[in-house]
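Enquirer: Here you go, sequence then predicted model.
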Amino acid sequence: MADSDEERPNAARMYDYFLGGAHNFAVDRQAAEAARAAFPALPETMRAGRAFLRRAVHFLLDTGIDQFLDLGSGIPTVGNVHEIARLANVPARVVYVDVDPIAVAHSRTLLADEPATVIVDRDVRDVAGVLADPQTRHTLDFDRPIGLLFNGVLHFVPDADDPAGLVAAYRQAVAPGSYLAIGHATGTRRSADGEAEIGRARKVYSDAGERVSLRGRDEIAALFAGTTLVEPGVVEVDRWRPDEATEAFGLAGYAGVARID
């Protein structure tokens, strides 16, 4: 594994900590707790986003999708895509993509014994590079439908980098019958002090070297242009086809799944 930076918090490891994973250091836990103090609903929001990923992947598996391109995957920690597929008894093929050297190093160790699952060390904004990477091409069959997953990554793509154009470029590269799943943070939540709390948490991530571009529901829905949304459309992340009763934590995110025709 590459040398890990234990002196500075890392967003991927903070996420791992919030999910109950073991791939984090004291500096990450300290920063995560600072973010929790600023925005008490943050851990629930993170876990709700991961639960959305699980439900979305199950939905795609049920439609016959058995290969996935997980963009901005971070560390494939608790509840990762290939484990979801395995538990559903589907021999899926998965390409994780991340540019964070720490996330990539952890991923390579975790996936060493997973022949149908790889980590591609590229920036998701380098669409041509991701799609042409030998590991991507060896693992995925682009003549068959693919599940494109953008869970918790597009809010790290600023407007200047055209997130809608980024999604469209990947969408145009996959076969008809593919699906697109997006989970995205927002600057509004079901709480009186919600926006102020989010602003404080956003600063914690900025101090950790991550700029966060929070978007409203309409902006997030626009990322699905050119696709056919499945019910219930773009909704608060905990309300996308919940498989059990959920509490209204005031979660700061929206999610949706759409078919690519």
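Expert: Here it is on my side, so go on.
Enquirer: pLDDT score assigned to the residue nearest to residue 184 when sequence neighbours are not counted?
Expert: With sequence-adjacent residues excluded and distances taken as C-beta to C-beta, 6 or more residues apart in numbering, residue 184 is closest to residue 220, at 4.7 Å. Using the backbone N, CA and C atoms, a C-beta is placed for each residue, glycine as well. Looking at residue 220, its pLDDT reads 95.
Enquirer: go on, residue 6?
Expert: Here the pLDDT value assigned to residue 6 is 68.
Enquirer: before we move on, what about residue 21?
Expert: Looking at residue 21, the pLDDT reads 78.
Enquirer: same check, this time on residue 226
Expert: pLDDT, residue 226: 96.
Enquirer: Could I get the full set of helices for the stretch 51-200 of the chain?
Expert: Ranges of helices in the stretch 51-200 of the chain, per DSSP state H, counting those that start in this stretch, are 81-87, 101-110, 127-132, 134-139, 163-173, 194-207.
Enquirer: Only the buried residues of the third one, if you could.
Expert: Of the residues in helix 127-132, 127, 130-131 count as buried by neighbour count, 16 or more other C-beta atoms under 10 Å.
Enquirer: wouldn't residue 221 be in contact with residue 256 here?
Expert: Yes: in terms of C-beta atoms under 8 Å, residue 221 counts as a neighbour of residue 256; the distance is 7.1 Å.
Enquirer: re earlier: tell me which element the residue nearest to residue 184 falls in.
Expert: helix 217-222 (DSSP states H and E).
Enquirer: Check which residues of that helix are buried.
Expert: Judged by neighbour count using 16+ other C-beta under 10 Å, the buried positions of helix 217-222 are 217, 219-221.
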